[in-house]
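Starting from these lines, generate the structure:
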Amino acid sequence: MLGPDDLVSWFDRLDLPESTRSLISHIRSSGPSRRVGGGSSNVCGRYPSKKMGVTIQFESHRVELAGIYEMEHDPSTLEYFDQPPPIKLDYASPTGRRMGVWHTPDFFVIRDREAGWEEWKTEEELQRLKVRNPSRYFPNGQGGWDCPPGAAYAEKMGLYYRVRSSAEIDWTFQRNIQFLDDYLRVEPSPASVTGREKVCAYVSAMPGLSLDRLLQFTKESVSADEVFRMIATNILHVNLRAAPLAEPSRVEVYTSAEAASAATPCGSAKPQPIFPAMLHCGNALIWDTRLWKVVNVGNTSIGLLSEDQKVVELPRPAFEILVQQKKIELVPEDLKKASQLSILERISRASESDLRIANYRSALVGRYLHEQSLPVPADVPLRTFYRWVAQYRQAAMSYGSGYLGLLPHHGAKGNRLPKLPEGSRREMAEAFEQDYETKKQKTLYASWIRLKLSCEKKGIVAPSYKTFAIAACQRDPYRQRLKRQGRRSAYALEPFYFELELKTPRHGDRPFEIGHIDHTELDVELVCSRTGRVLGRPWVTLLIDAYSRRVPAAYLTFDPPSYRSCMMVLRECVRRHKRLPQIVVVDGGKEFGSTYFEALLANYQCMKKVRPGAKPRFGSLCERVFGVSNTQFVYTLRGNTQIMRNVRQVTKSVNPKELATWSLAELHGRLCEYLYEVYDTAEHPALGQSPRAAFLTRLAETGERQHRMVPYDEEFLIFTLPTTTRGTAKVVGGKGVKIRHVYYWCEAFRGPEVQGRQVAVRFDPFDAGVAYAFVHKQWVRCHSEHYAVLKGRSEREIMLATEELRQRCRKHSKTLGVTARQLAEFLQSVEAEESLLTQRLSDIESREIRLTLTTGPGSGGFDTVRHCPEKPAAETVSPPRDELVVDEVYGEF
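So this is what the prediction gives:
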């Protein structure tokens, strides 16, 4: 970002007026004017920008995110800000009425020599807006789009306003930037001198060497990580807009951009003229807008056949002159392809009997044309045969295939016009639109009765119920259900839209590029391991690697989905794999919008994407794993709840609550064994191999990226703890810091330099007796004033107790706040036992799982923040590559 002096220098260089300088300063100092939502079908999110030092919002990961990548890696872009303050656009509506619309552009961009607003939209959306608001959006004739009201507003201040289209996006560049993001984001250690020299020697000796061969030649001495790092730091030159790095066989590597330019021809040779030397019989030509066919290529003349079967001979010199003047041209390849598609379409529509008849006719006609004889069977009249020959020749001229003229058209015989009068069809269409396809969800028969009465009043022929029912089935089922039952019900019938243009792969190019997080409630009842009391159904949170379909982490708890589950599943991922996904895809749940969750992702430079609501296909990976784990594992357990789908058939002997035997800890162990061993090593139908094999193979090909590994140490554990709304708390002398109604104290608060100051704080959602404060440049543990009572009690139990106390105050018309003393006394009281017993038992069951996740099996764990773990933090960093084994990177082996 620009410093104060750099900004003033930039202002002076562009000679901007004072009002514009104030506007830009206001935009730079203010945050985003709105929080993006993504709409009903867009994937929105937040990109951790290295250039800006903050997270940047995007409302569409196919348009605005592409713009962010372009600006992030464009040297001429100095700064960019998402969702700047709105501006007012004045323009005329299609009816001529003047309109003043407040509009929030996507970005405000500061470049070397200019600054202004940019609005990113898909080409399809711009085409629709051109029709709806022709005064606001229209094509500029140069392949781009203009917005006159936006340009007029910006021009007054010496700025610009641009409409950016998805047609401008280079998807190969986008894919490569995303592939290299891990190397561009941090400052990794440089490659060894020996390895660097060896790689450069190979590339210098063989300019344009493919990336896959380079990786093969150097795999014994240089890792793939070092090669990709050299590409990211421009030690090796690769045209990032030419071919995707994920397909190394297509990527050419050079030592520099100059070497690439020298190896690439300056210009492509012009194609040699194809006339008349390369001309052959059968070529289709266009001469004076008419179609001609080459029937003879002689030494002195060219013979052409017109559409009306007239033959014309042109001398070769005259033909060449017409070609040079471009009066005679070959039929373009796209027209040939269109002709081929037309042939295939007509043949595909023909029935088996039609093809059999056409084959019979083709054999007779072909024999006649080659042998000039009449092999006509007795059952075929001569007049009929000559008609077949004429149809064959006509189809050959019209479509390039005489076979089409021999196809019978029995299916087109008869009266194909509607039997019902136009007025009856119009009434029936109105009945569908205004009566049947409405939120009332009337039956088809009821709508038909109303239609019949309406037709009788107007003296129109009423359609029969059978005709009405057939017409209803012929209408668009998706739109019909959408109008009757809403978009959620109609989503099952919504057509799939396949991407015909190559963009970034939806599941990424490598492991840990995209990770999906989602929750589900398992269909099994659990009991307390100590009392045997039924505690209900648990929730499982999964993190799924999109590329390999592997499950890097799972977290099981009784608590409903919250930011705590999100934090714990990411903590488990780091414990097992020492890394986090580059992109985390979540749904629109409140827990994923938590400040704690977003701060954790931003701190470790992970992008967050949010799937559209009520669109399960966007999260199909998670849904599939949930379904498979249910059918293959959960439904085999005693106490599963399958029978509860038919609750009226449930008796005491088959009630899952009566059959429940599994505890949370036991289920967690078996679930992890299933996900990390059974599912992980079974062949996946979409991959053709197991998730583990796909993961390890691709990881070796695309680089292990060890510089992005996250050590599982005290700093990481504390950062996964939530903080307060403000993130800080004031140190009160003799009491400490107040966090959620409770004071916490530590000895570091005694100093006069700390008291009265705001310090960063964090609390443990699973132990209300302790909290953490950042004092004297280190995190220290603080204890509650009622530590003996609150120790070991979870945030959820404290929340339930607080709500219970507030409810009592409401009943007694009291407005007193809930104090820590009241809370402690309530938690100790007998009256609270029943209301909090279930939550307390659930927390006890979950505590064993969290201890395992935090410390690992057989580990002593972290006692306090003041004490280090058994191994110093430096030893948690990945070992040298020569000593690296899979067991140290992937904890499940």
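
What about residue 261, how many residues nearby?
The burial count assigned to residue 261 is 11, neighbours taken as other C-beta atoms under 10 Å. In this view, the C-beta of every residue, glycine as well, is placed from N, C-alpha and C.

change the start of the numbering to 414 and stick with it
Done: numbering now begins at 414, and the last item shifts to residue 674.

so it sits in a strand?
No - Residue 674: not assigned to a strand; according to DSSP: H, G, I helix; E, B strand; the rest coil it is helix.

For residue 730, give its distance to residue 715.
To residue 715, residue 730 is 11 Å away according to C-beta to C-beta, to the nearest Å.

and these two? which has more neighbours close in?
residue 715 (25 against 10).

mind giving me the domain ranges of this structure?
As assigned by automatic domain parsing, the chain contains the domains 417-582, 603-676, 697-745, 748-787+798-818, 836-898, 927-1121, 1134-1241.

Tell me which of these is the most buried.
Counting by mean count of other C-beta atoms under 10 Å, domain 927-1121 has the highest mean neighbour count of those, with a mean of 18.

Show me the helices in the stretch 864-1013 of the chain, by range?
Secondary structure of the stretch 864-1013 of the chain by DSSP state H, counting those that start in this stretch: the helices cover 878-886, 890-898, 900-903, 976-990, 1008-1016.

Export those helices as TSV, with columns for mean pLDDT.
Below are the helices of the stretch 864-1013 of the chain laid out as TSV (pLDDT from 0 to 100):
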stretch	mean pLDDT
helix 878-886	93
helix 890-898	88
helix 900-903	77
helix 976-990	89
helix 1008-1016	87
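
Next, format the ones you listed as CSV and append distance to residue 1000.
Formatted as CSV, the helices of the stretch 864-1013 of the chain follow (distance: least, C-beta to C-beta, whole Å):
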stretch, distance to residue 1000
helix 878-886, 35
helix 890-898, 22
helix 900-903, 14
helix 976-990, 11
helix 1008-1016, 13
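
Quick one, which of the ones you listed gets closest to residue 737.
Distance to residue 737, taken as C-beta to C-beta, is lowest for helix 890-898 among the helices of the stretch 864-1013 of the chain, at 55.2 Å.

Return the distance of the closest one from the chain's centre.
In terms of C-alpha atoms, centre = their mean, to the nearest Å, the centre of helix 890-898 is set 26 Å apart from its chain centre.

Could you do stretch 633-642 as well?
29 Å.

what's the span of that stretch, first residue to last?
17 Å (C-alpha to C-alpha, to the nearest Å).

before we move on, what about stretch 530-550?
15 Å.

neighbouring contacts of that stretch?
Stretch 530-550 has contacts (C-beta atoms under 8 Å, 6 or more residues apart in numbering) with 473, 475-477, 479-480, 497, 500, 502, 504-507, 518-522, 551-552, 558-563, 567, 572-580.

Of those, which belong to helices?
477, 479-480, 561-563, 567 (DSSP state H).

Assumed residue 459 was part of a helix.
No - read with three-state DSSP, residue 459 is strand and lies in no helix.

can you tell me how far it sits from residue 442?
As for residue 459, its distance to residue 442 is 20 Å (criterion: C-beta to C-beta).

residue contacts, residue 1108?
So residue 1108 contacts 924, 958, 960-961, 963 (C-beta under 8 Å, 6+ apart).

switch the cut-off to 7 Å
By C-beta atoms under 7 Å, 6 or more residues apart in numbering, residue 1108 lies in contact with 924, 958, 961, 963.

what's the distance between the third one and residue 560?
Distance of residue 961 to residue 560, computed by C-beta to C-beta: 44 Å.

you'd agree residue 1123 is in a helix?
No - counting by three-state DSSP, residue 1123 is located in no helix; its state is coil.

Would you list the phi and psi of it?
phi -110, psi 120 (degrees, to the nearest 10).

Residue 991 is in contact with that one, correct?
Yes - counting by C-beta atoms under 7 Å, residue 1123 touches residue 991, with 6.1 Å between them.

Now do the same contact list for the residue lying farthest from the centre of the chain.
Centroid-distance maximum for the chain: residue 791 at 67.3 Å, with C-alpha atoms, centre = their mean. Under the criterion of C-beta under 7 Å, 6+ apart, residue 791 has no contact partners.

now residue 586, nearest residue through space, not along the chain?
Excluding the flanking residues, the one nearest residue 586 by C-beta to C-beta, 6 or more residues apart in numbering is residue 654, at 4.7 Å.

if I pick that neighbour, what's in contact with it?
Residues near residue 654 by C-beta under 7 Å, 6+ apart: 583, 585-586.

how near is the closest residue to residue 735 other than its chain neighbours to residue 608?
Once flanking residues are discounted, residue 735 sits nearest to residue 741: 4.5 Å by C-beta to C-beta, 6+ apart. The gap separating residue 741 from residue 608 is 61 Å, by C-beta to C-beta.

does residue 643 really touch residue 613, like I thought?
No - judged on C-beta under 7 Å, residue 643 makes no contact with residue 613 at a distance of 8.4 Å.

Distance from stretch 822-832 to the middle of the chain?
Distance, centroid of stretch 822-832 to centroid of chain: 48 Å (C-alpha atoms, centre = their mean).

what comes into contact with it?
Contacts for stretch 822-832 (C-beta under 7 Å, 6+ apart): residue 838.

now the end-to-end length of that stretch.
With C-alpha to C-alpha as the measure, the ends of stretch 822-832 fall 22 Å from one another.

and if you look at stretch 785-800?
16 Å.

do stretch 1139-1152 as well
Distance across stretch 1139-1152, first residue to last, is 11 Å (C-alpha to C-alpha).

Next: stretch 1162-1173.
13 Å.

again, but for stretch 1178-1185
12 Å.

Over to stretch 872-884?
First residue to last in stretch 872-884 (C-alpha to C-alpha) measures 21 Å.

what sits against residue 1123?
Taking C-beta under 7 Å, 6+ apart as the contact definition, residue 1123 lies against 987, 991-993, 1017, 1129.

Revised request: answer the last question for residue 652.
residue 673.

State the distance from it to residue 581.
Taking C-beta to C-beta, one finds residue 652 at 18 Å from residue 581.

I'd say residue 1178 and residue 978 touch.
No - counting by C-beta under 7 Å, residue 1178 stays clear of residue 978, with 10.1 Å between them.

Next up, phi/psi of residue 444, please.
Dihedral angles of residue 444 (phi, psi; degrees, to the nearest 10) stand at phi -80, psi -180.

Distance of it relative to residue 420?
18 Å.
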